[in-house]
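Trainee: Sequence and predicted model, in that order:
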Amino acid sequence: MTAHDARLHAFRSDLADARLRGEVVADRFVAGRPARISVAVADIRKAPRADAGINTQALYGDDVLVFEDAEGWAWVQAERDGYVGYVADTMLGGRDHAPTHMVTVPRTFLYPGPDLRFPIAGQLSMGSTVTVAGSAETRGTHYAILPSGEAIISGHLRPIGDTAADYVSVAEIFLGTPYLWGGVSGFGIDCSGLVQLAMRMAGRNVLRDSDMQAASIGEPLDPGPDYAGLRRGDLVFWKGHVAVMTDAETTIHANGHTMLVSREGLKDAIARIGYLYGGPTGFRRP
């Protein structure tokens, strides 16, 4: 990362975040307009084009600041992790209601009303935030009712602030989830997205990309001879990749080898990854 990493600071030669005035050079500075993600998953792209690469994603209920809205694209910064990029402006809404609950299962459905037999109206990922305005029960199933009238299974939500005790246990819930470059959701996730979402559910917001995480999460760790000093929860970094230790010998990571979130022995991962990309670049203990 650099002092003004463009992934984490909204600045271009023609336009920049007003908070960066005096720190960067731009033709014009603007204050960000508050908005909120209104779709299940919003791709945050490198450029304002449908064919541009996906850097990361934002989830339903995530707050963003909008610095520009032009030709169907909004240039935004996610408030939770600071990531900057472009989203389709149809994916944004207002901050009409303060979120009260968070989805705590990998995926859940939205129903048009409190009945699981209704055709679904949508779906949400773990980490999405919603406003619960009421409750209902149908045939013994309990539902949370949103201001829109849509319903979610109550047991799939927890009040915001009610966090998981162990982020590794959250990561393990995602075993078998498809690998998706730039993904941060239960529908598809990448290596650093898995770390970020699992830690978020445990009450800890961390930066998005693996190089950012390698420079900022916890403290550097010397794993010792034969990696014997590692334990559950420690992070192993390679160039462009991160894995989570589930015990002293085993990792869990979203990876392009299996194209899934999967378990792999640490030494097996080191040998396999090293063949193409070299050995670990660092270890950290959150």
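Mentor: Looks like it arrived, so ask away.

Trainee: Okay, now the unreliable bits of the stretch 1-150 of the chain?
Mentor: Counting by pLDDT under 70, the stretch 1-150 of the chain contains low-confidence ranges at 1-2.

Trainee: Go ahead and name everything in contact with stretch 225-242.
Mentor: Identification of contacts with stretch 225-242 by C-beta atoms under 8 Å, 6 or more residues apart in numbering yields 166-168, 191-192, 195, 210-211, 213-214, 217-218, 221-223, 243-248, 251, 253, 255, 266-267, 269, 273, 277-286. Backbone N, C-alpha and C define where each C-beta goes, glycine included.

Trainee: Please repeat the previous calculation with a cut-off of 7 Å.
Mentor: 168, 191-192, 195, 210, 213-214, 217, 221-223, 243-248, 251, 253, 266, 273, 277-278, 280-286 (C-beta atoms under 7 Å, 6 or more residues apart in numbering).

Trainee: Over to stretch 44-53?
Mentor: I54, N55, T56, Q57, A58, E71, W73, Y83, G85, Y86, V87.

Trainee: what's the closest non-adjacent residue to V184?
Mentor: Leaving aside its sequence neighbours, V184 sits nearest to G193 (C-beta to C-beta, 6 or more residues apart in numbering; 3.9 Å).

Trainee: Tell me which residues of the helix or strand hosting L276 come out buried.
Mentor: Per DSSP states H and E: L276 is located in helix 266-277. Within helix 266-277, the residues scored as buried using 16 or more other C-beta atoms under 10 Å are L266, A269, I270, I273.

Trainee: With stretch 7-16 instead?
Mentor: Buried residues in stretch 7-16 (16+ other C-beta under 10 Å): R7, L8, H9, A10, F11, A16.

Trainee: With distance to E137 and secondary structure added, can I get those in a markdown table?
Mentor: Putting the buried residues of stretch 7-16 into a markdown table (distance: C-beta to C-beta, whole Å; DSSP: H, G, I helix; E, B strand; the rest coil) gives the following:
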| residue | distance to E137 | secondary structure |
| --- | --- | --- |
| R7 | 45 | coil |
| L8 | 45 | coil |
| H9 | 48 | coil |
| A10 | 45 | coil |
| F11 | 51 | strand |
| A16 | 51 | strand |
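
Trainee: ok, so of the residues you listed, who is nearest S185?
Mentor: R7 (19.1 Å; C-beta to C-beta).

Trainee: Tell me how far the spatially most central residue of the chain lies from M91.
Mentor: For the chain, V184 is the residue whose C-alpha lies nearest the centre (C-alpha atoms, centre = their mean; 3.9 Å). Distance of V184 to M91, given as C-beta to C-beta, to the nearest Å: 15 Å.
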